[in-house]
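Peer 1: Next comes the sequence, and after it the predicted model I'd like to discuss.
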Amino acid sequence: AADKIRLIPQDFFAELCEQIIQHLNHKIPGINTAELCQRIQTSGVDINIGDLAKIANTLSFLFSTAARNNLSTEELVTTLGSGVSPLPKHAVQVIRHVWNEQGKGIAVSEDAGNMATVGQFVDMKWKLGVAMSSDTCRSLKYPYVTVTLTVADPSGQITDKSFEMTIPQFKNFFRQFKEMASVLETV
């Protein structure tokens, strides 16, 4: 990851580190690596989303491990400098600054190891469509609902999941949501 980190300009690297800390502090649901990757590429840096996601996962592991071990800023920086493939100087400076400013606030839950590895809901968008025709049928007039769920996986990577439903499927989906809402009202 160190060779790929060298490619990322300091301001983008700092933004990535800050987003990871915010995610670990449960202030944001995840890190939108697709959007950040696009901005980095627009600035002229040749990096792909897979490499940026690996860097984000590595940094997330670094910060969460440092929090779990209650490392001071100096202990963290010393540990980073003693690796086989040392990080670039600008990256160490950013990590030092972000950890010094925000790292101590990372709450380490005693149950963190026992928590289920499930994603977190971020947003939902839907649209109603009508299939007018196809190559085999001239007049379909077939209504459907398209739903796009935005979720953050356990590592904080934000992704969109889309699916289509027929009207009967949507009515069942809606009925299940109403059941959940009524159960939640009793809690």
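Peer 2: It's in.
Peer 1: C-alpha from now on. contacts and neighbour counts both.
Peer 2: Noted.
Peer 1: Helices of the protein, residue ranges please.
Peer 2: 2-5, 10-24, 33-42, 49-68, 73-81, 89-102, 167-186 (DSSP state H).
Peer 1: Out of those helices, which is closest to residue 156?
Peer 2: helix 10-24 (6.8 Å; C-alpha to C-alpha).
Peer 1: Pick out the residue nearest the middle of this protein.
Peer 2: residue 157 (2.3 Å; C-alpha atoms, centre = their mean).
Peer 1: The closest residue to it other than its chain neighbours: neighbour count?
Peer 2: Leaving aside its sequence neighbours, residue 157 sits nearest to residue 31 (C-alpha to C-alpha, 6 or more residues apart in numbering; 5.2 Å). Applying other C-alpha atoms under 10 Å, we find 25 other residues in the vicinity of residue 31.
Peer 1: and if you look at residue 8?
Peer 2: 21.
Peer 1: Also residue 132?
Peer 2: Residue 132 has 12 nearby residues by other C-alpha under 10 Å.
Peer 1: for residue 36, same thing?
Peer 2: 17.
Peer 1: Following the record's annotation, map out the domains of the protein.
Peer 2: 1-105, 120-185 (the TED database).
Peer 1: Between the two ends of the shortest one, how far is it?
Peer 2: So that's domain 120-185. Domain 120-185 has an end-to-end distance of 21 Å (C-alpha to C-alpha, to the nearest Å).
Peer 1: what's the average pLDDT for that domain?
Peer 2: Mean pLDDT, domain 120-185: 85.
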